Every structure is written in C-alpha cells, then in structure tokens.
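>>> Have a look; sequence and predicted model below, questions after that.
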Amino acid sequence: MGLDTAQAGRTVQAETQEVPDSAFDHLTSLVDTLDEPIFCLDWRGRIVHYNDPAARLFGYAPSEILGKNVNTLVAQADHEPLGRAVDKSGSGAREDAKKNLAARAIRKDGTSFAAQIVLTASGLDEKAVISLLVRVPDAAQQKPAETRNATAYRRMIESLPGAVLLLNFELGIVFSNERTAALLGCDSLDQINGRKFLDFVSPSDRPRVIEDTGGASASEPVNGRYAIVRKDGSELQAEMTTTVVLDGAGSPRGLLAFVRIAPDDKLKPALMGTIGSISSIVKLKDPYVADHQERVTQLACAIAKEMGLPQETIDGIYVAGNLHDVGKLMIPGHILCKPGKLTQEEFTVVKNHIRIGLDVIQAVEFPWPVAQAIAQHHERIDGSGYPDGIEGNSMIIEARILAIADVVEAMSSHRPYRSGLGIEVALDEVTRVSADKFDPELAQCCANLFNKEKFFFS
Ligand SMILES: [Fe+2]
C-alpha cells in the first residue's frame, strides 16, 4: 500500500483556531496508541490525522487523504447524514456530541464494507477536533467460540456470576450464557442466541442502547441502565456494562455485555415476598426444614458477600437457599428423621427431594438461576454427588456455595433424632476430611467466616 506510518506524516495542521498545539499533539498521540481505526477531523470535517489501524483498513497514503473531507471515506448516500453528524459534534454541544451512525465505508481501492461510525468531540474546546471511529461489523461476526478452546471458553463464561452476552456490532446476539436465559425468562438459549439484543429491550430505551454501546471501547467500558423485556412481556430494570472485545491481533471483534438486575428494580420486592410466603408455609409444615433453609441461606449469603460476588448473585443465593429443600416436605418423616444409616431404597426416596423441589418452583420464572442452584446443591466437585454426578465448574457458583453451607449447617445443628456435631467438626469436613468434594476457596472462606469474622447462625 506504500503507507507512510510515521505519525508526523499522517498529520496536517487542524483548523481549530482555539486549540493549543500541545493539546492537539496530545490527542493525536493518544489516538495512535488505540487499537481501533480512528480519524481526527477538524470542525469543518477535514481529515487532519489518522492512526495505523485506520491506515490499514482504508489503504490511503497520507498525501491522498489528509486535508480531504471526511465524506471521502463513505458512500455518496451517507454524505449528508455524516456531514450533519460532524456539524453537530463540532458545534460544541458536548452532551449530544457523541454520534453513532451506520454507513457504507469506501476504501481507496473502491471496495466497500458496512461500518458503524462513532463521532466524538474531543472536548478540547469549541470547534475543536472530532475523533471518528470506524467499526467493521463483518469482522465482529467471527465467533470466539470457534477457537480450539470453545469448551473451556463456554465453561468460563458459564461460571461467571451474571448474565453475559457476546454481541456483534449490529447488536446481534452471538453467544449468551445460561444466566441470560434466567434473566430473560427464556427456557433455553435457542430462544436468545441469533436474535437481536434490542428485541429484549423496551422500545423507549433502544436508542440509548445503540448510542451507549457505540461509545464502548476495549479500554473504556460503558455503563447503562435499561428496561429489559422478558419473554413473558414483563419488564425489569437492568444495568449493563459493555466493552469491546479484541482478537489476538488487537482488532475489534464484538461487544461483551454483562447484564444484571438493577438493585432497586421493583420486581425484586415482589419476588422476595413470594419467597417469604413459601417459607412461612414450609415453617407450618416442617419447622426443621424451614430453620435449616433459613440458616443455610444466612451462611451461603455471608460466603457470597465475603467472596465479593455481585449483589445480584447474592440475591439469587438468598432465593435458592430459602427454597433448596422445599421438596423434603413430600418425603416421609420417618425416613427424613431416621437416626441411623439409610437403606439404599430410603436414600433413593430422599434424593427425590430435588426433583420434587424443582417441580414446586418451576412455575416461577426467577431472574436468577434458582432452579439450577437447587438442582445442583447435592452435587460435589469431584463428581461424587447426586442427582447427575457433575463435576467442578459445571456446578454453578451458587450451588458450590449452597453445598458447603448445607453440609456445615446440617452437621453442626441439633436434630430431634441426633445431637449436633459442632461447628469445628463441620468445618473440618468441608476443608479437610472431604476437601476434594468442595470448592477449596469457598470452603476456606466459610471457615474464615466462623474463625476470623465471628459469624454465627442467628
Ligand atoms: Fe437438600
């Protein structure tokens, strides 16, 4: 292409009048460190500087593009909207200065591609430099899941404590995790992946999502709060952090969005009220199960908090903890309270409390992975648990925490048919005797809560 890559060669004097040279130099050297294709424009829309990724993408030598109008970079049909966006960005109306528009970009050799263009006023001064970022949606559609480590990658995403979505630059959903299904009230990821993210956003918030996500970069995530529309049509307030994902070569590949329920969403009190009602019914029927669930919840939430997990995950643990043994109400008392060892048949009946519990809660579409947490709370990370014998990170973190809290509470507490073994014995079980069955970091955190933080069951 015969490009001159020296920065000095890719800059001409900007017609900014009010911007000191040093500030302009600072801006252009910053632009040169970024991985995304960026052009700097003066307030009249002339190209005054561009970085390496922009040089590679468009193929121009400095003498061919510097000083030219920005419209050189886009198709005729986009001249007018781009001109308007530049005018607005250069007008000094900084609050509205960030502009995001789709355009057909034209390379030097005449080939074109669909691009997303983000215009940002530099903030140096009025009528100052505008930076123009060009994104290439086509490149974004290459799925990271196509790497050799696809399974490990998916496992890692699934183990994260929140809804995670990978979007292309047109906001199509390339990938999402199971927690996204819970958040959106969908039965499976097939109802989510491949769809437009905006389908799950309230129409009034869609322009804001487009604008905010267009302003994200790899180094600067953007945060926003939007009304999310769930499958059943209900809405919840969610907070979303979006960042640009780069590939190994540093090129933008897509957007990674982390979505969680806003702390003050009004859905939450209603759901927590439902949990309270179910718990009081459990209390009437079996006070021991109710007490156990309450105390397991206290400990599990304390572990989650100590581990620094997000409030949304703690909320999910609170709900799952309060419901995790609800299926035991249907297990005959003489089996549940049997003092000695259970026979094989009796143990089969006890194990069934998980399926019954899931039947009870399946009608409620929680925005947290409550069903998964309940289904897995008797699994063990070495694969020795039930009902499915799953291992390690296949257990979601809520279940790994509940498993520890469940055992510690059960062993340390008194029951009508046996006395408690004490907290030391219970902690020794999860940290040493059966250490390979429990997540070691979480087990240690649990022990520290009792030994150092003076946690106690109330
Ligand atoms: Fe249980």
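Noted; the coordinates are in hand.
>>> Quick one: mean pLDDT for the helix or strand hosting residue 254?
Element membership for residue 254 (DSSP states H and E) is strand 252-261. Per-region confidence: strand 252-261 scores 88 on mean pLDDT.
>>> What are the neighbouring residues in contact with the closest residue to residue 187 other than its chain neighbours?
Spatially, and ignoring its direct neighbours in sequence, residue 187 is nearest to residue 181 (7.2 Å; C-beta to C-beta, 6 or more residues apart in numbering). Backbone N, C-alpha and C define where each C-beta goes, glycine included. Residues near residue 181 by C-beta atoms under 8 Å, 6 or more residues apart in numbering: 187-189, 191-192.
>>> okay, which residue of the protein is out on the far edge from center?
The C-alpha centroid of the chain is most remote from residue 340, which lies 45.9 Å away (C-alpha atoms, centre = their mean).
>>> Return the members of the contacts of residue 181 classed as buried.
Buried by 16 or more other C-beta atoms under 10 Å: 189, 192, out of the contacts of residue 181.
>>> Mind putting the contacts of residue 181 into JSON lines with pLDDT, secondary structure and distance to residue 206?
What follows is those, written out as JSON lines (pLDDT from 0 to 100; DSSP: H, G, I helix; E, B strand; the rest coil; distance: C-beta to C-beta, whole Å):
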{"residue": "187", "pLDDT": "84", "secondary structure": "coil", "distance to residue 206": "24"}
{"residue": "188", "pLDDT": "85", "secondary structure": "coil", "distance to residue 206": "25"}
{"residue": "189", "pLDDT": "86", "secondary structure": "helix", "distance to residue 206": "22"}
{"residue": "191", "pLDDT": "91", "secondary structure": "helix", "distance to residue 206": "19"}
{"residue": "192", "pLDDT": "93", "secondary structure": "coil", "distance to residue 206": "17"}
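>>> Out of the contacts of residue 181, the closest to residue 271 would be?
Taking C-beta to C-beta as the measure, residue 271 lies nearest residue 187 of these, at 18.6 Å.
>>> where does this protein have low pLDDT?
Residues of the chain meeting the criterion pLDDT under 70: 1-27, 89-98, 121-129, 136-156, 159, 161, 248.
>>> Which stretches in it count as strands?
Under the criterion DSSP state E, the chain contains strands at 38-41, 47-50, 99-106, 112-121, 130-135, 163-167, 173-176, 222-229, 235-246, 252-261.
>>> want to throw those strands into TSV with mean neighbour count?
Converted to TSV, these look like this (neighbours: other C-beta atoms under 10 Å):
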stretch	mean neighbour count
strand 38-41	23
strand 47-50	25
strand 99-106	19
strand 112-121	20
strand 130-135	24
strand 163-167	23
strand 173-176	22
strand 222-229	18
strand 235-246	19
strand 252-261	23
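>>> would you list the ones you listed in JSON lines and tack on distance to residue 451?
JSON lines is the format used below for these (distance: least, C-beta to C-beta, whole Å):
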{"stretch": "strand 38-41", "distance to residue 451": "53"}
{"stretch": "strand 47-50", "distance to residue 451": "59"}
{"stretch": "strand 99-106", "distance to residue 451": "53"}
{"stretch": "strand 112-121", "distance to residue 451": "52"}
{"stretch": "strand 130-135", "distance to residue 451": "52"}
{"stretch": "strand 163-167", "distance to residue 451": "34"}
{"stretch": "strand 173-176", "distance to residue 451": "40"}
{"stretch": "strand 222-229", "distance to residue 451": "37"}
{"stretch": "strand 235-246", "distance to residue 451": "35"}
{"stretch": "strand 252-261", "distance to residue 451": "31"}
